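S.K.: sequence plus predicted model, see below.
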Amino acid sequence: MEKHIGSCRCGDIEFCFDNDPINAIFCYCKDCQALTGSDKWFGLWVRPENFAFTKGTPSSFTRLGDSGKEVRYQFCGTCSTALCAEVAAGNFYSVSATSLKDNKFTPKMSIYASSAPVWAIFPNDVPKYEVLPPR
Ligand SMILES: [Zn+2]
Ligand SMILES: [Zn+2]
């Protein structure tokens, strides 16, 4: 079983997850823009039971998602690197692909395209959804 290892910029916080993610997305929602200071968040969706923090304790911030359920962001309180968002509605962690030591994953879809800034950049070889893909 493959282990994927990541950390924040300063090294106070480390995490890992097992198995490949169930999805890999570029999210262009307003919250992801604020979180990253960019047009999008590159998130790897990992089941909670496959994810663990292995060093340090992250700071967190919780908001209500569109579903009415909680989204809990976890980040380093020292260097402020965003590490993951715990999405209660979908029972997954959206892990920052950027914080992996060796990221081999590529996005499978773009979501919340309707919230993207006019200068956003979309990959043209993956499906793009105004909000979320139909269930
Ligand atoms: Zn840090
Ligand atoms: Zn988002």
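M.R.: The structure has been received and is ready for your questions. Ligands and ions are numbered 1, 2, ... in the order given.
S.K.: would you mind measuring from Gln74 to Val126?
M.R.: 26 Å (CB to CB, to the nearest Å). C-beta: built from backbone N, CA, C; applies to glycine.
S.K.: up against ligand 1, what does this protein have?
M.R.: Contacts of the chain with ligand 1, taken as CB under 5 Å from the ion, map to 8, 10, 12, 76, 78-79.
S.K.: please repeat the previous calculation with a cut-off of 6 Å.
M.R.: 8-10, 12-13, 76, 78-79, 81 (CB under 6 Å from the ion).
S.K.: filter those to the buried ones?
M.R.: 8, 12-13, 76, 81 (16 or more other CB atoms under 10 Å).
S.K.: how about the strands in this structure?
M.R.: 3-7, 14-18, 23-27, 41-46, 51-55, 59-64, 70-75, 82-87, 92-96, 109-111 (DSSP state E).
S.K.: out of the residues of the chain next to ligand 1, which touch ligand 2?
M.R.: Applying CB under 6 Å from the ion to those, none is adjacent to ligand 2.
S.K.: contact partners for Tyr73?
M.R.: By CB atoms under 8 Å, 6 or more residues apart in numbering, Tyr73 lies in contact with 35, 60-63, 82, 84-86.
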